[in-house]
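Enquirer: Can you look at this prediction? I've put the sequence above it.
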Amino acid sequence: MELSEATSDLLLELEKLSGGAITRRADLGVLLECGRSQPGWDALDRLSFFAKFLHRTRGIMTRIGRDGEGYDRLLDEFTEATARTRTLMAELLREVPEETRRRMTSTYLDMTPGSFDNLLSLCHDLSWYKNFLIDTHAGRKGER
């Protein structure tokens, strides 16, 4: 899928902001491109929220361990956020070319351990997009 100049520029900004930590650049670009117009804006904004939540919560869960206080509650919230993330991503991918949709679905949304790991890696990248929105106040419609 070809990316617009605006999306390519945004990817460069995200790479700078992250200090080069973006690992799934091309696929992040696909999602950003999908969110360039309505209704994609809303889905991408919500997706970035849940992605950042998943990324941070996974870190907390790893730090406290399964026996840590509050782990079970975090696991429930993590599971719910994962389901919402998967739904929002599928929603964004509805309008992309079939080949791209198939590749993204098998890479991130299939119910396999590998796809889940890939999804969490993409959530890390999306969390940088959420940081960008927060830092620039670009989350308001019409400012992209």
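Expert: Structure's in. What do you need?

Enquirer: Just the helices from the chain, written as ranges.
Expert: Applying DSSP state H to the chain gives helices spanning 5-18, 25-34, 40-64, 71-92, 98-104, 113-136.

Enquirer: so of these, which one's packed in deepest?
Expert: Greatest average neighbour count among these goes to helix 25-34 (a mean of 20), per mean count of other CB atoms under 10 Å. C-beta: built from backbone N, CA, C; applies to glycine.

Enquirer: could you give the angle of it to helix 40-64?
Expert: Interaxial angle, helix 25-34 versus helix 40-64 (axes from the mean of the first three to the mean of the last three CA atoms, to 10 degrees): 140 degrees.

Enquirer: Take stretch 116-130, keep the C-alpha atoms, and write them as PDB.
Expert: C-alpha atoms of stretch 116-130 as PDB (Å, rounded to 0.1, in the frame of the first residue of the first chain):
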ATOM      1  CA  PHE A 116       0.000 -11.900  19.500                       C
ATOM      2  CA  ASP A 117       3.700 -11.000  19.900                       C
ATOM      3  CA  ASN A 118       3.500  -9.100  16.600                       C
ATOM      4  CA  LEU A 119       0.500  -7.200  17.800                       C
ATOM      5  CA  LEU A 120       2.200  -6.200  21.000                       C
ATOM      6  CA  SER A 121       5.200  -5.000  19.000                       C
ATOM      7  CA  LEU A 122       2.900  -2.900  16.800                       C
ATOM      8  CA  CYS A 123       1.200  -1.600  20.000                       C
ATOM      9  CA  HIS A 124       4.600  -0.300  21.100                       C
ATOM     10  CA  ASP A 125       4.900   1.600  17.900                       C
ATOM     11  CA  LEU A 126       1.300   2.900  18.200                       C
ATOM     12  CA  SER A 127       2.100   4.100  21.700                       C
ATOM     13  CA  TRP A 128       4.600   6.500  20.100                       C
ATOM     14  CA  TYR A 129       1.800   7.800  17.900                       C
ATOM     15  CA  LYS A 130      -0.300   8.300  21.000                       C
END
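
Enquirer: what's in contact with it?
Expert: Identification of contacts with stretch 116-130 by CB atoms under 8 Å, 6 or more residues apart in numbering yields 14, 17-18, 21-25, 27-28, 31-32, 44, 47-52, 54-56, 58, 82, 85-86, 89, 107-109.

Enquirer: who touches Ile22 in this structure?
Expert: Applying CB under 8 Å, 6+ apart to Ile22 gives the contacts 11, 14-15, 28, 125, 128.
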